[in-house]
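> Sequence plus predicted model, see below.
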Amino acid sequence: MIFFALHMGDANVKAFEVKMILLSCKNISLSFGTVKILEDITFNIQDSEKVGIVGVNGAGKTTLLKIIAGILKPDAGEVFTSKRHKLAYLEQNTGLDSSRSLWDELMRVYSELIEMEKRLKQLESRISTEKDGAVLSSLMKEYSVLADKFSYSGGYEYNSKVRGVLKGLGFRDEEFELKVQALSGGQKTRLALARLLLEEPDILLLDEPTNHLDIQALEWLEEFLKNYGKSIVLVSHDRYFLDAVTHKTIELENCRCKVYDGNYSAYVSQKAVERDIQQKHYEMQQREIARLEAFIEQQKRWNRERNIIAAESRQKAIDRMDKIEKPKALPGKIRIKFKSGIISGNDVLFVENLTKEYPGKTLFSRINFNLYKKERVFLLGPNGCGKSTLVKILSGRLEQTSGSFEYGHNIHIGYYDQEQENLNELNTVIEEVWSSNPKITQTQLRNMLASFLFKGEDVFKPISGLSGGEKSRVALLKLILSEANFILLDEPTNHLDINSREALEDALLNFDGTILAVSHDRYFIKKLATRIIEFDGTSLVDYKGNYLFYMDHRKLPNNSAQGGLSESAPTRSKLEYIENKESKARQRKLEKQLEDAEREIDKIDGRLKEIEALMCLEEIYTDHIRLTALHDEQVGLKDRLEELYSLWEALSNEKEGLF
């Protein structure tokens, strides 16, 4: 960063900061065949800026990231990055693949520190046995320099960093030794993200990093990126995440880009205002041009010399105008309207002691809850707790192990599967929709497909060749045509761009039936939820309120005592009662232990500095006995320091868990 002084009058001097430009894109253009993707894209990224790139599916967001990363070459334009600064790119849905364990894979990030650590131990061993004073002095100097470098580079923290990032992104301790090649695609992507975060590049390029993360991991990643001291360029359809992390937005639309100061919400507001102003100015100018042209026509009809002169004067006025461009059409939005075919009774669903087990594993046990007409209920919980499985059981696509569920009167179910397993890959788009709704005419079907952005020859695309977003649109159209009055949604916003998510939200807000949904999209949940069921596989907490109510109450030590909450499992409320009763005492004890650990860490740090200073004195490093004693003390103190750091981290995590 560069600081300048601005002189105000004779006495006042005001300092202001100018950040360094780390990345510059100038007139970037790219076409695939005759299809133009990007045109004259120009912007700069400064040191420590956090930038969101937004646009509809197909706008070129991922393509632009690949150009910046050097994976694609533009047809025209240039990308400038500082050679001194490291750039790293996380591709969408791309993960690591190796025979190493998760832990060993991430430890490769710190290979230089690990080698330094090995060398320090070798030096310690040699120092403890070396008798020659000159050689010992040389070894001690090397050790001192290397130890300083090791400490400055984070040598005492890298194990904690790896553990913290793995835990933050949803990996459990028992998974640390799993082989990378045995992980699922989503786990591999999370691991690739973990490695990138640990590498700490100067420019971090992230393409949909929130894919495969549950809400807890999303919140952790938000905090990590907010506190990341370097530059981030982020592509995401997660509006909540963009609002939390970014403070600058680049919009890609109609092959062009425009830069806005502020996060996603600020960008939406600014764009609406600018578009409204441009439309009004355009209309005013068009009215003025129409008035002048009418005057010109009138003067031409009179056809006298002074009339011709007047007409020419007005035409010159028109020609001199800086023409205001009409705002370009916004990208197409799907038009969705859910309508139930029949009206359901007030009681929609009764779930009693529902259990699902697999060989050697109980996914969830004795789940109880009821749903009622027109509720919009969201099922939240960590990845792997069984949310999608529960919804599949309730939709009739999977058998439970025990327990029961029953639908109320006149219930007609519709189900949206995040994996799109209910789509026939061999069908075309029009065949797939028509096969479920043979009574509608071709004209009606083509009109509905057009409203879902399948126009012209697009309706004859095979399902197997569609993108994730296109498959989602087909599945949503089938769901609408089913006229269900109770719909089960499993991650419905996955693969949808922001425009499509907003259209889906508006449609569901106006739906006259009942909704049970699984989602990690907090913006979507916040807009729709009337009730939250938090589910972790062993117990269930029912928050009878919207997402803000849930956020306010989920960390309270005794949730069952709060108005509007209920429990399905008595063991959970008993545990919460015990935790509430003991939490204050435990908190005080933890704070005392933390203070003691911090006090001892400070004391050891001070003594280590004294030892390092003593070792540099000639009367010490020439005295083999005194030098060896100091060295032995130093090694012991460093071992104790590492123990204290581990203890401090464990105590801090435990204290954080109390809230």
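Cool, got the structure.

> and the residue nearest the centre of the chain, how far is that from I68?
Nearest to the geometric centre of the chain sits T210, at 3.2 Å (Cα atoms, centre = their mean). T210 sits at a distance of 20 Å from I68 (criterion: Cβ to Cβ, to the nearest Å). Heads up, the C-betas are built off the backbone N, CA and C, glycines and all.

> Repeat that for A266.
Taking Cβ to Cβ, one finds A266 at 23 Å from I68.

> Report the buried residues of the host helix or strand of R119.
If you go by DSSP states H and E, R119 is part of helix 111-129. For helix 111-129, burial by neighbour count (16 or more other Cβ atoms under 10 Å) applies to 113, 116-117, 120, 123-124, 127.

> Averaged over its residues, which helix or strand of the chain has the lowest pLDDT?
strand 2-8 (a mean of 45; mean pLDDT, DSSP states H and E).

> what about this structure, any weak spots by pLDDT?
Within the chain, the segments meeting pLDDT under 70 span 1-18, 93, 95, 537, 555-586, 621-622, 624, 650, 653-659.

> got a list of what the residue nearest to the centre of the chain touches?
218, 221, 236, 238, 241, 520 (Cβ atoms under 8 Å, 6 or more residues apart in numbering).

> Assess the claim that the second one and D214 are in contact.
To tie it back to what came earlier, the one meant is L221. No: if you go by Cβ atoms under 8 Å, L221 and D214 don't touch, sitting 10.8 Å apart.

> Comparing the two, which shows the higher neighbour count?
L221 (24 against 17; other Cβ atoms under 10 Å).

> Quickly find the element holding that one.
Per DSSP H and E: helix 215-226 holds L221.

> Also N211?
Counting by DSSP H and E, N211 is found in no helix or strand.

> mind checking how far it is from L183?
Taken as Cβ to Cβ, the span from N211 to L183 is 15 Å.

> next one: I318
Distance from I318 to L183, by Cβ to Cβ: 66 Å.

> again with F295
F295 is 74 Å from L183, by Cβ to Cβ.

> neighbour count winner among these two?
The residue with more neighbours, out of F295 and L183, is L183; 19 against 15, by other Cβ under 10 Å.

> Verify the stated contact: the more buried one with T189.
No: if you go by Cβ under 8 Å, L183 and T189 don't touch, sitting 9.2 Å apart.

> List the residues that contact R108.
100, 195.

> hmm, 10 Å instead?
By Cβ atoms under 10 Å, 6 or more residues apart in numbering, the contact set of R108 is 98, 100, 114, 195, 198-199.

> Show the buried residues in these.
195, 198.

> what's the most distant pair in the contacts of R108?
Spanning the widest gap among the contacts of R108 are S98 and I114, at 17.1 Å by Cβ to Cβ.

> mind listing what's buried in the helix or strand hosting K271?
Secondary structure from DSSP H and E places K271 in helix 264-302. Across helix 264-302, burial judged by 16+ other Cβ under 10 Å covers 264, 266-268, 270-271, 292, 296, 299.

> what's the answer for stretch 170-186, then?
170-171, 176, 178, 180, 183.

> hang on, the earlier thing: find the pair from the buried residues of helix 111-129 with maximum spatial separation.
Largest pairwise distance in these, by Cβ to Cβ, is 20.5 Å, between L113 and I127.

> Give me the nearest residue to the residue nearest to the centre of the chain, chain neighbours excluded.
D238 (4.7 Å; Cβ to Cβ, 6 or more residues apart in numbering).
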